[in-house]
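1. need the 3D shape of this:
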Amino acid sequence: MMKPIPYHNFISWFLLTFILTACGAGSEDNRTEPASNTSSVELGSPKNIQLAEYDGTVFVSWASAKGATSYKLYVSKDPDIDFDNIDASRVTRYEVEGTSKALSDLEENETYFVVVASVSGDQEKKRQVTEPVVLKKPKLNPILLAPENLTVSADEGEVEINWDVLPEAYSYIIFFSDIDPQVDPSSAQQIQEISAPPFRHKELSINTSYYYRVSAITPLGLTPLTEVKSALVKPYSASPQVPGDFSASVGDGLVALKWRPAYSASSYNVYMAKEPITATDNVLQLFGGEIFFNITNVSTNRFDLENNTNYYFRVTAVNNQGESPLSKMLSATPKSFLPSVPYNISATNSGNGVKITWNKIEDAEGYYVYSSNSPNADKQTAFKSDIMTENAFFDSNLNSNNTIYYFVTAKNSNGESDASAVVSVPIIAPPAPVELEINVTKDKTVISWISTSEEVEEYVIYLASEAGIKKANYFRLANGKRLRNIRKRTFEVNNLVPDTQYYIRVASRNRGVEGRLSREAQFKTPPVLDITQTPPVILLNGDPQVSLFQGQNYVEQGAIASDKEEGDLSDKILITSNVDTLIPGTYQVKYNVTDSSKLAAEEVVRQVTVIKNQPPVILLNGDPQVSLFQGQNYVEQGATASDKEEGDLSDKILITSNVNTLIPGIYQVKYNVTDSSKLAAEEVVRQVMVIKNQPPVILLNGDPQVSLLQGQNYIEQGATASDKEEGDLSDKILITSNVNTLIPGTYQVKYNVTDSSKLAAEEVVRQVTVIENPPVISLNYPMFLNTINLPGGELQVYFRIAEEPRQQMTATNNGLKLELTSLSPGEYNITIEIEFLSDDYGPIILATASQTIKIVAGSNEFNLANTDFEFQDDNLDGELNIEALQAGLDPQGCVLDASLFDNCFWN
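-> Numbering: from 1, shown residues only. Coordinates of the predicted model:
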């Protein structure tokens, strides 16, 4: 059973596979191709190029290419780089032995263009990664906590992944593998931009184990990965659905087929014939009938077909439960007269226009580039360029403020190919100028305006003596004209018709794009003057240029006007002003006057500059990022605020905070201040991360279970306590005990400790067992002999119970006595030993006697007087008799038997 197509977010992989398939590089055919007659192996290009990113590194991998002995990786920031003619100053090249490379030296938020080339000897075959590489994911921050409680559950052909939400997470990344149980992030596949759990991973290989780990993207970086969880994907319980969106496109001896993936499909079968297909079981009996099994892509190319011959196609989906019904039937006719469709289309906004490039088509004599503001435009609705012979086009006529969509066709003497893939470029036109001002005098007309953008290369003026000016109609209006290449925000217009009402609009251009027109303004040119009269003259009071701070009042100083014919006209001066001291900028106060003959003085202008009030600036005391352990107090360090106009504003700072040190997470302390003009400083934020507090751990000194005899003292051995955050807490351990060694029983000594955040360790208990003392049993023997001093030594009596060491009996007034404290009720074997400790020969056992006695529960004394001990002769009679004689004893009565004591030593 073939594996189903993986479902994940490798957009670059998907686009690359789609383009390669559409061009024939990724097609599948289960038919056996004839062997090559050449001895050399043709070098193939790398396929299935994949990108992955983790901890500031981009990992590039690819499938091994046919005939390749090694690979080269080319990386450049230049979108116009020619990878066929490498410029070492603009391209970084890596020699690679395997089929993967980790790029760890890329700059963040920079765009890179990557090419992988297979190498064999002097040969190279390159393939460009279709999507530019942009390193934008944050780096790993090991102090952060990984998402918790990761779970995975398998279903038919899919796995659901779930985990606890991190409140501070922007998004999540799932790392997965079906071959690496450790899920190494440098080689695992990724599913990115996941907003929240759970996530269903679909269209997986059945009966295959998948391994998963999850990381979160937060304001402070990438969290560590979770532990690994795995799930075995279940087989499908039903056959797959019919593939949808089945379509075909034709070429020279070629039909390219594609379809939408069918849920639960492991592979696809394509049926082809030269007559209509009605069922799967008779296709091979149809004229030209063939079946193509086990296609794992969602597209395939059929080569070596007869041109101008109609072919019929249908497709089915297959999984472990069987085959779906047939799709709709398509018919397609390969044609040889049209060139191939251009591919690898790219479009780049290079500053003053858009550059479009594509791969050369061998059978093309020329190309057309189509452009439109609609992504759904076709050859009938898009704007078509003139034919060109090169595989590049520069579009400088970007009169739009929208995204422009491009596609390309190839042309030869037989016709035009189908359209290529569509590429798009966002075009941002500059905004329209505002506040048009027209200053008309008898000598000239000067137009000025304010630009709201710094990104302007030139201005365009539209002028006519009729209202309603538009870009599309200005040339049809009376005296309509369009003036270009104006670099400044003021322009003198000449050659206007005297005594005529004019209308005017202005537009900005940047990077080849012309923006919207300004509002329409109007003015009237002066009539031809009577040269015998002179106009009035205006003189300003005060300076012609005045500067004010934002919010400061403007005080009008006025002007005087005099006329050669009529004298002082100062009271007739008309003053107009657009001064707004609340908004920084350059304003004008205009002074005009006319005499009784309507002859106007030359307008005089006072320029008023309102200087921008600088907002206050806030600087934090201490670090902008603070880490605390759970329960630890947050100490506010404050901030300072300074204002260029008002000085120190630190005491006016407003501090707001959502910090809760009892709950782990990322919090913010915000600092804001405004000056007396209500101008606010840029908000400054201190990030406070509360890290989960680990409880202390207690370890006992000594054994956790202690046994004592009743009345024996209990000696406390103590314990140690350590805390991950605070270190040794042994001196803070609280010990509680109910031990009473006078009363038998089981007692507990409890050990507890808490850290400074009141987080308690798990209680540890030592069990103390007080054992009841056994009764003291006295063994008495009515023989008044313990030690008898004899010439040459002494005589001693010992007692042995079972296998225990022997003990010497103690002489009392009532005879020999031995006290035992560890004797429980039961039967015991007791041995009496008579020993002569010779000065010359050492200890000599003279006689022994054994007897079994029974100790009864509750007894505290046992009298051996009536116990019949049978002594054994140790064959020392002669020596004993000699010693007895020396001691003055009667040797006739001394024999080693029970009468020994009566006859020899008994008193």
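
2. how many neighbours does the residue lying closest to V579 once chain neighbours are set aside have?
-> Of all residues not flanking V579 in the chain, Y587 sits nearest, at 4.3 Å (Cβ to Cβ, 6 or more residues apart in numbering). For the C-beta atoms, the positions are set from N, CA and C on the backbone; glycine is no exception. Neighbour count for Y587, taken as other Cβ atoms under 10 Å: 19.

3. residues contacting Y587?
-> 577-580, 607-610 (Cβ atoms under 8 Å, 6 or more residues apart in numbering).

4. C-terminal to the strand or helix carrying it, what's the next element?
-> If you go by DSSP states H and E, Y587 is part of strand 585-592. Once the chain leaves strand 585-592, the next helix or strand it forms, by DSSP H and E, is strand 604-611.

5. partner strands of that following strand, parallel or antiparallel?
-> strand 545-549 (parallel), strand 585-592 (antiparallel) (DSSP bridges).

6. mind listing what's buried along that strand?
-> 604-606, 608, 610 (16 or more other Cβ atoms under 10 Å).

7. now do the helix or strand harbouring V58: everything it contacts.
-> Secondary structure from DSSP H and E places V58 in strand 57-63. Contact with strand 57-63 is made by 46-53, 71, 73, 99-104, 106, 114, 116, 129, 133, 135, 186-187, as judged by Cβ under 8 Å, 6+ apart.

8. strands - which of those land there?
-> 47-53, 71, 73, 100-103, 114, 116, 133 (DSSP state E).

9. give me the beta-bridge partners of M272?
-> Beta-bridge partners of M272, counted by DSSP bridges, are E290, F313.

10. which elements pack onto the helix or strand harbouring E835?
-> Taking DSSP H and E as the definition, one finds E835 inside strand 826-838. Judged by 3 or more Cβ pairs under 8 Å, 6 or more residues apart in numbering; DSSP states H and E, the packing partners of strand 826-838 are strand 793-801, strand 842-855.

11. elements contacting the shortest one?
-> In other words, strand 793-801. Packing partners of strand 793-801 (3+ Cβ pairs under 8 Å, 6+ apart): strand 787-790, strand 807-808, strand 815-820, strand 826-838.

12. that one: how far from the chain's middle?
-> Using Cα atoms, centre = their mean, to the nearest Å, the mean C-alpha position of strand 793-801 is found 87 Å from that of the whole chain.

13. re the thing from before, out of the strands paired with strand 604-611, which is closest to V697?
-> strand 545-549 (64.7 Å; Cβ to Cβ).

14. just the buried positions in the closest one, please.
-> 546, 548.

15. repeat for stretch 616-626
-> The neighbour-count check on stretch 616-626 (16+ other Cβ under 10 Å) flags 616, 618, 626 as buried.

16. quick one: average pLDDT of it?
-> For stretch 616-626, mean pLDDT rounds to 94.

17. tell me where the protein has helices.
-> Here the chain has its helices, by DSSP state H, at 11-22, 877-886, 899-900.

18. tell me the bridge partners for the closest residue to S346 other than its chain neighbours.
-> Nearest residue to S346 in three dimensions, chain neighbours excluded: T357, at 5.4 Å (Cβ to Cβ, 6+ apart). Here T357 sits in beta bridges with S346, A392, as judged by DSSP bridges.

19. run a quick neighbour tally on T357.
-> 19.

20. what's the separation between the residue nearest to V579 and V546?
-> According to Cβ to Cβ, to the nearest Å, Y587 and V546 sit 9 Å apart.

21. which neighbours do these two have in common?
-> With Cβ under 8 Å, 6+ apart as the test, Y587 and V546 both reach 607-609.

22. tell me the one of those residues nearest N349?
-> Of the shared contacts of Y587 and V546, the one sitting nearest to N349 (Cβ to Cβ) turns out to be T609, at 36.2 Å.

23. hang on, the closest one packs against F549?
-> No: look at T609 against F549 with Cβ atoms under 8 Å: they stay out of range, at 10.1 Å.

24. just give me the closest of the buried residues of stretch 616-626 to P375.
-> Closest approach between the buried residues of stretch 616-626 and P375, by Cβ to Cβ: I618, at 45.3 Å.

25. contact partners for the closest one?
-> By Cβ under 8 Å, 6+ apart, the contact list for I618 reads 639-641, 653, 671-673, 681-684.

26. re the thing from before, tell me the mean pLDDT for the strand holding Y587?
-> Mean pLDDT, computed over strand 585-592, is 95.
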